[in-house]
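>>> Need coordinates for the following:
(chains A and B)
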Amino acid sequence: MTIFGFRIPIMASLIVWAILWDIVGRLDLVFLLPPFSEVLGAAVDLVQTPSWQTATVTTLRSFVVGMGLSIVVGIPLGFLMGRVRLADDLLGMWVNIFSSAPLSALVPVLMILFGFGERTIVAAVFLFSVWIIVLDTRAGILHVSPSLVEMARSYGASRKALYGKILLWAALPEILAGVRLGLIRGVKGVVIGQLLVAIVGYGALFETFSRNFRMAQFWALTIILFAFAMVVAELIERVERKVEYYAGAR
Amino acid sequence: MMMNMTAARPLSPQPTAPDAIVEIRGISKTYGADVEALRNIDLDLPRGKLTSLLGPSGCGKTTLLKIVAGLIPPSAGTVRVAGKLVEGPGPERAFVFQDFALMPWATVLRNVAFGLELRGVGRAEREETARRYIAEVGLVGFEQKYPHELSGGMRQRVGLARALSVDAEVLLLDEPFSAVDEQNRRKFQEDLIRLRSTQNKTFIFVTHSIEEAVYLSDRIVLLSPRPGRISGIVEPNIDRSGNPDDIRRDQRYLDAVEEIWQGLRKYVE
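So this is what the prediction gives:
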C-alpha cells in the first residue's frame, strides 16, 4: 500500500485502529473499553506477574500436547482415507460432520470424561484441530498425480518408499495447510476449553478479570492470545510458501 | 518398393522372431463390464530395435505399453520379457511418462537417480551414474535445478535420463514428446536416434504421430481402435546413419508415411 508515494507496511492499518480505540476509550463511553494505551500498560504489567507466567506455561503445554496428538493422529488418518476406499466410506461422513460441527457444545462432555483439568483442555484442542488436518491430508493424497505413483511403482518402489518418498512429499502443501488451519482451530479449542473449565490457565485469568471488571487486563490477555495465534499461523505459512515453491509446478 | 509391408495380411499367429525380447501372447484388456480396450494381441518385439505402437486415440496403445510395463494387469494373455513372465514392474524395463512424472520437490540430479535410489544404490554411486546420463541427454549444468525451472523438452530429457540410468534392457516410452513443443520435439527426436546408436537397448515407443513413428522406428505396429487390434506392421528400412535432416526427404520415409496414412485414414473418417 502506498499513500502520497510513501510505502506503508501492511500492519500500519493496525496503528490507525489503535489510535481510534484510544480516543474512544478516553471518551469514557463504555466502561468495557478502556483506552488502548491503558491496555498496553496492563499487558506489560501482566506478563510480569507469576500468575500469567504459570497460566501461559499451562496453556502452552495443553496446546502443544493437543496439537501434537492431532498431527500424529490426523495425518495418518488422512493418508488412510486418501488411499483406502473402504476407510474413506466408513469415516468420511464423521470427519465431515465433526469438522463443521459446533464443537464447543461437546466440551462439557469432555469435562465429564476427562475431569476438570488439563486433560480436558488437551482433548478440546485435539477435538477442534484434528478434523481439518484429516480432511486436508486426505485431499492432498487424492490429488497426488497418478503418474507419479505409477512412476514409483514402475521403478520398483516398496510400499514404504511410495509413502515416504512420494505421497508424503506430493501431499505436503495440503498437509501443511491443514496443520495451519488446525493450529488456528486449536487456539480456539484451548481458549474455549479453558473458559468452560474456568479453573485452568488463561480460563482462570479471564474468569478473574471479567468477574472483577478488570477490563484493561482482560483486553491485554485477549490481545496476547490473538497475537499468538497470528504468529503461529504466519510461521506455518512461511514453511508453506517454501514448499509451494518447489511443489508449485504439479 | 523397398518397404517390407506385412499390413493387411492376417497377423495371427505372429511369426515368432528368434531374437524377440518381448513376447506378447493373446493379450486382451476389458475395463469394467463392456469397455474393450484390447482384443487378443499377439506380438513379438525384436531385441535392440525401436518398435512403435501407432494408432488413433482409443486404440489401446498406451494400455498395451502399460501391460508390458506391468503397471496394468491384462484381462487375458501373457507377456514375457527376456523369457520371464511379466507379473508387475521389473528392473529389466524402464518407463518414460507422457507427463514426465518428475518429483517437483527434487532436483534434476535426484530425479534422474531416483530409480537407483529405489533400488538401494548408495548415494555417491547413483549420483555418478545419474551425472553420466544427464550428460548423455544434454543437460549438463542443470543438475541442481528443479523441474519447474526447466522447459517441457528438458523435463522429458530428465525422464529419459532416469530411464536410462537404471540400465534396463527395454525402454518403454509413452508418447514422450506429446507435451513438448514442435522445435524441441524435432531436436529431441534427432537426439533419440543418436542415443539409440550408442545405447544397446530395445525401445518400445507409443505415439499417435505417423511422421514421428516413421522417423524413429525400425518397426511400426499399427493398431485399430475399439477394440484395439493389430491392423498391420510396417518396417520402413530407413538408413539413419547420416544427417538426421535427410531422413525426412528420404523416399522410403515419405512412402512409409503415405502408406500408413492410407491404412489409418478409415478410422478417422
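
>>> Give me the residues contacting stretch A:237-245.
For stretch A:237-245, contacts defined as CB atoms under 8 Å, 6 or more residues apart in numbering or on different chains pick out A:172-173, A:176-177, A:180, B:105. In short, each C-beta sits where N, CA and C put it, glycine included.

>>> could I get those residues as JSON lines with secondary structure, neighbour count and distance to residue A:220?
Output for those, formatted as JSON lines (DSSP: H, G, I helix; E, B strand; the rest coil; neighbours: other CB atoms under 10 Å in any protein chain shown; distance: CB to CB, whole Å):
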{"residue": "A:172", "secondary structure": "helix", "neighbour count": "19", "distance to residue A:220": "37"}
{"residue": "A:173", "secondary structure": "helix", "neighbour count": "22", "distance to residue A:220": "36"}
{"residue": "A:176", "secondary structure": "helix", "neighbour count": "21", "distance to residue A:220": "32"}
{"residue": "A:177", "secondary structure": "helix", "neighbour count": "21", "distance to residue A:220": "31"}
{"residue": "A:180", "secondary structure": "helix", "neighbour count": "21", "distance to residue A:220": "26"}
{"residue": "B:105", "secondary structure": "coil", "neighbour count": "20", "distance to residue A:220": "43"}
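
>>> Without its sequence neighbours, what residue ends up closest to residue A:195?
residue A:203 (4.8 Å; CB to CB, 6 or more residues apart in numbering or on different chains).

>>> ditto for residue B:125
residue B:116 (7.7 Å).

>>> Contacts only, for residue A:232.
Per CB under 8 Å, 6+ apart, neighbours of residue A:232: A:183-184, A:187.

>>> which of those residues lies closest to chain B?
For those, the minimum distance to chain B (CB to the nearest CB) is 22.8 Å, reached by residue A:183.

>>> still on that earlier bit, just the buried residues from the contacts of residue A:232, in PyMOL please.
Restricted to buried positions by 16 or more other CB atoms under 10 Å in any protein chain shown, the PyMOL selection for the contacts of residue A:232 reads:
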select buried, chain A and resi 183+184+187
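
>>> Which pLDDT value goes with the residue nearest to residue B:125?
On pLDDT, residue B:116 comes in at 90.

>>> Next one: residue B:90 from chain A, what distance?
Noted for residue B:90: a distance of 8 Å to chain A, by CB to the nearest CB, to the nearest Å.

>>> secondary structure class for that residue?
Secondary structure, DSSP: H, G, I helix; E, B strand; the rest coil: residue B:90 is coil.

>>> ok, for it, nearest residue in space, not its chain neighbours?
residue B:70 (6.3 Å).

>>> Can you name the residue of the stretch 51-200 of chain B nearest to chain A?
For the stretch 51-200 of chain B, CB to the nearest CB, closest residue to chain A: residue B:148, 3.3 Å.

>>> shouldn't that residue be in contact with residue B:103?
No: Residue B:148 lies out of contact with residue B:103 (CB atoms under 8 Å); the separation is 11.2 Å.

>>> give me the number of residues near the residue nearest to residue B:125?
Other residues near residue B:116 come to 22 when the count uses other CB atoms under 10 Å in any protein chain shown.

>>> repeat for the one 4 residues further on
Residue B:120 is surrounded by 10 other residues when neighbours are defined as other CB under 10 Å.

>>> Please identify the helix or strand for it.
Residue B:120 belongs to no helix or strand when assigned by DSSP states H and E.

>>> residue contacts, it?
With CB under 8 Å, 6+ apart, residue B:120 has no contacts at all.

>>> Phi first, then psi, for it.
phi 80, psi 20 (degrees, to the nearest 10).

>>> what about it, distance to residue A:161?
10 Å (CB to CB, to the nearest Å).

>>> Could you list the low-confidence segments of chain A?
A:1-5, A:8-11, A:198, A:245-250 (pLDDT under 70).

>>> rewinding a little: confirm that the residue nearest to residue A:195 sits in a strand.
No: secondary structure assignment places residue A:203 outside any strand; it is helix (three-state DSSP).

>>> How many residues are close by it?
22.

>>> on that earlier part again, right, and the residue nearest to residue B:125 touches residue B:163 too?
No: applying CB under 8 Å as the test, residue B:116 and residue B:163 come out as separate, 11.6 Å apart.

>>> thinking again about what came up before, quick one, what contacts the residue nearest to residue A:195?
A:191, A:193-197.

>>> among the residues you listed, who's most crowded?
residue A:193 (33 neighbours).

>>> check contacts around that residue.
A:62, A:107, A:110, A:120-121, A:123-125, A:203 are the contacts of residue A:193 under CB under 8 Å, 6+ apart.

>>> repeat that for 10 Å
Shown in contact with residue A:193 (CB atoms under 10 Å, 6 or more residues apart in numbering or on different chains): A:59, A:62-63, A:66, A:103-104, A:107, A:110-111, A:114, A:118, A:120-125, A:127-128, A:200-203.

>>> Find the least confident helix or strand in chain B, judged by mean pLDDT.
strand B:4-5 (a mean of 47; mean pLDDT, DSSP states H and E).

>>> For residue B:71, which non-adjacent residue is spatially closest?
In space, residue B:71 is closest to residue A:150, 5.5 Å off (CB to CB, 6+ apart).

>>> Apart from its chain neighbours, what residue comes closest to residue 162?
The chain I'm using is chain A. Per CB to CB, 6+ apart, closest to residue A:162 is residue A:152, 5.1 Å.

>>> actually chain B
That would be residue B:112: by CB to CB, 6+ apart, it lies 4.9 Å from residue B:162.

>>> What strand or helix carries the one you found?
helix B:108-118.

>>> Starting from residue A:154, give me the distance back to residue B:165.
Residue B:165 is 14 Å from residue A:154, by CB to CB.

>>> These two: who's more crowded?
Using other CB under 10 Å, the more surrounded residue of residue B:165 and residue A:154 is residue A:154, with 28 against 24.

>>> thought the more buried one was touching residue B:97?
Yes: Residue A:154 lies in contact with residue B:97 (CB atoms under 10 Å); the separation is 8.5 Å.

>>> okay, and the common contacts of those two?
A:147, B:163, B:172.

>>> which secondary structure element contains the first one?
Meaning residue A:147. Residue-wise, residue A:147 maps onto helix A:146-154 under DSSP H and E.

>>> Which other helices and strands does that helix contact?
Packing partners of helix A:146-154 (3 or more CB pairs under 10 Å, 6 or more residues apart in numbering or on different chains; DSSP states H and E): helix A:168-170, helix B:61-69, strand B:93-96, helix B:108-118, helix B:152-165, strand B:170-174.

>>> Nearest to residue B:233 among the ones you listed would be which one?
helix B:61-69 (13.8 Å; CB to CB).

>>> thinking again about what came up before, can you flag which of the contacts of residue A:193 belong to helices?
Per DSSP state H, helices hold the following members of the contacts of residue A:193: A:59, A:62-63, A:66, A:107, A:110-111, A:114, A:118, A:120-125, A:127-128, A:201-203.

>>> Quick check: residue B:48 vs residue B:202, distance?
6 Å.

>>> can you check residue A:154 too?
Residue A:154 is 16 Å from residue B:202, by CB to CB.

>>> quick one: the strands in the chain?
Since you didn't name a chain, this refers to chain A. Under the criterion DSSP state E, chain A contains strands at A:2-3, A:6-7.

>>> The chain in question should be chain B.
B:4-5, B:20-31, B:35-46, B:50-54, B:76-81, B:84-85, B:93-96, B:170-174, B:202-207, B:219-224, B:229-235.

>>> tell me the angle the last one makes with strand B:50-54.
Note on geometry: by axes from the mean of the first three to the mean of the last three CA atoms, to 10 degrees, strand B:229-235 and strand B:50-54 are set 140 degrees apart in direction.
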